[in-house]
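Visitor: fold the following and give me the result.
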Amino acid sequence: MATPAGAPPFPWADPAALERHVLTFGAGIGADEVEALALSRFVAAAWESAPEEAHGGWGRRSAATPGVLRLSRHSRLIGPYALEPGDAVQLGVPASAVSAYLVDAPRERGEAPYPGGDRDGIKRAFPDATPVRDEERVVRWLVSAARRVGGAVRIAGSGAVLVPDPQASIDLTVFTDVWLEPQAALAVLQRVAPQARLAMGAVPWAGPPPGTGEDDAPGTTDLPARVRRNLHAEADAYDVAALSRPDELDGYGALVDLGIDGLIAVEAGGEQALPLALAGLPWAAGGAVTYRVLWAAPDFLELELERPSLAHRVARSRAQPLVSALARELHRAVGGEVLDAAEFLINPADL
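Guide: Numbers count the residues shown, from 1 in each chain. A predicted model of the protein is given here:
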């Protein structure tokens, strides 16, 4: 379902139009892609009515109608509407915007934003009270969707325009049902990053805290000597059995030093609660093994800035190809699916 070539114009005549959040896209983003982005975040996402383009025949012509995409019980996306260059200017969105969706969602606000980072610009857009509950979920999805495909979000009320940087977060995660032992994973990583090393240095155990075992445990002072001996024997047997078994890892990490550009951390582990994008996959029914490929910036505070410094952006641009290459090699080794930081699916062929 592509965006209709004959989509209706933006409804300036509707006084409620600018009282709603507006999501805009550039050329080439169809209604089917918008639906896919919604399905990655909202379990109930579905078209209540699909958009229809204008068409005619035998002297008749029907008007184009926007679609209605249900996001949640309370929120809907209405569109697409066609944007002319003048419409984009009037909305304050980038001139490249050619289609728009109106957001029919409840206005639910909480407290004023706390000081600190504002990577998505939401605090700037809601200076008096930040959205909560369903409106917060919808607004965060709007920003994530705009970031994924190079769109923009106009916020109702303040009129603030959010144009999220598609490169603001370059982290990727491979979800799979295949567990790699640390040395095997390291071999995979070193195909593209020979400087990769395992980060599994254990902290030497200094023994129990002072005073441990000097006093009787509550409730044991009146036990018969025979019972006490049996308890000690069972405890010793348990300790011997535990120490005789090989170590069982449930997670480990590896590091790739990038020098002045920070470092990349690869974290292997497992998760039971999985992103909605993986729902219905048989191998993920009971959870999944995860390999998270995360960039640690030289100055981690800049990760939370809406407009970080040039030095940060240059370091990120140099780290991004290696993050993608590491995720690609891991996916080749273990299969599964690759998701970005917003939990949208990534085609491994695009890495």
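
Visitor: give the contact list for Ala100.
Guide: Applying Cβ atoms under 8 Å, 6 or more residues apart in numbering, we find Ala100 in contact with Phe10, Val22, Leu23, Thr24, Phe25, Gly79, Pro80, Tyr81, Leu83, Asp87, Leu91, Val93. All C-beta spots, glycine's among them, are computed from the backbone N, C-alpha and C.

Visitor: let's see 10 Å
Guide: By Cβ atoms under 10 Å, 6 or more residues apart in numbering, the contact set of Ala100 is 7, 9-11, 17, 22-25, 66, 78-83, 87-88, 91, 93, 151-152, 154.

Visitor: for it, list each beta-bridge partner.
Guide: Thr24, Tyr81 (DSSP bridges).

Visitor: mind checking how far it is from Leu189?
Guide: 43 Å (Cβ to Cβ, to the nearest Å).

Visitor: the closest residue to Pro113 other than its chain neighbours sits in which helix or strand?
Guide: If the residues on either side of it in the chain are set aside, Pro113 comes closest to Lys123, at 3.7 Å by Cβ to Cβ, 6 or more residues apart in numbering. Secondary-structure element containing Lys123, defined by DSSP states H and E: helix 122-125.

Visitor: check Ala237 too.
Guide: Using DSSP H and E, Ala237 maps to helix 225-244.

Visitor: report the buried residues of the helix or strand that comes right after that helix.
Guide: Later in the chain than helix 225-244, the nearest helix or strand by DSSP H and E is strand 252-257. In terms of neighbour count (16 or more other Cβ atoms under 10 Å), strand 252-257 has its buried residues at Tyr252, Gly253, Ala254, Leu255, Val256.

Visitor: ditto for stretch 31-41
Guide: For stretch 31-41, burial by neighbour count (16+ other Cβ under 10 Å) applies to Ala31, Glu33, Val34, Glu35, Ala36, Leu37, Ala38, Leu39, Ser40, Arg41.

Visitor: go on, stretch 322-332?
Guide: Under 16+ other Cβ under 10 Å, the buried positions of stretch 322-332 are Leu322, Val323, Ser324, Ala325, Leu326, Ala327, Arg328, Glu329, Leu330, His331.

Visitor: Glu234: which of these is nearest?
Guide: Glu234 lies nearest to Leu330 out of the buried residues of stretch 322-332, by Cβ to Cβ, at 43.6 Å.

Visitor: which SS state does that closest one fall under?
Guide: Here Leu330 is recorded as helix under DSSP: H, G, I helix; E, B strand; the rest coil.

Visitor: ok, it to Arg229 distance?
Guide: Taking Cβ to Cβ as the criterion, Leu330 is separated from Arg229 by 52 Å.

Visitor: also Phe10?
Guide: Relative to Arg229, Phe10 is positioned 84 Å away (Cβ to Cβ).

Visitor: repeat that for Ala196.
Guide: Between Ala196 and Arg229 the computed distance is 52 Å (Cβ to Cβ).

Visitor: next one: Gly30
Guide: In terms of Cβ to Cβ, Gly30 sits 76 Å off from Arg229.

Visitor: before we move on, what about Arg147?
Guide: Counting by Cβ to Cβ, the separation of Arg147 from Arg229 is 66 Å.

Visitor: neighbour count: these two, which is higher?
Guide: Just comparing Arg147 and Arg229: by other Cβ atoms under 10 Å the higher neighbour count belongs to Arg147, 25 against 11.

Visitor: next, the more buried one: secondary structure please.
Guide: When the rule is three-state DSSP, Arg147 gets the label helix.

Visitor: could you chop this structure up by domain?
Guide: Under the assignment automatic domain parsing, the domains of the chain span 17-162, 172-200+249-350.

Visitor: sorry, back to before: show me what counts as buried in the helix holding Lys123.
Guide: Along helix 122-125, the positions that meet the burial threshold by neighbour count (16+ other Cβ under 10 Å) are Ile122, Lys123, Ala125.

Visitor: kindly report the same for stretch 113-124.
Guide: Pro113, Asp118, Arg119, Asp120, Gly121, Ile122, Lys123.

Visitor: can you list contacts of that stretch?
Guide: Residues lying outside stretch 113-124 but in contact with it, judged by Cβ under 10 Å, 6+ apart, are 112, 125-131, 136, 139-140, 142-144, 146-147, 153, 155, 158, 160-165, 168-169, 300-308.

Visitor: alright, that wraps it up for me.
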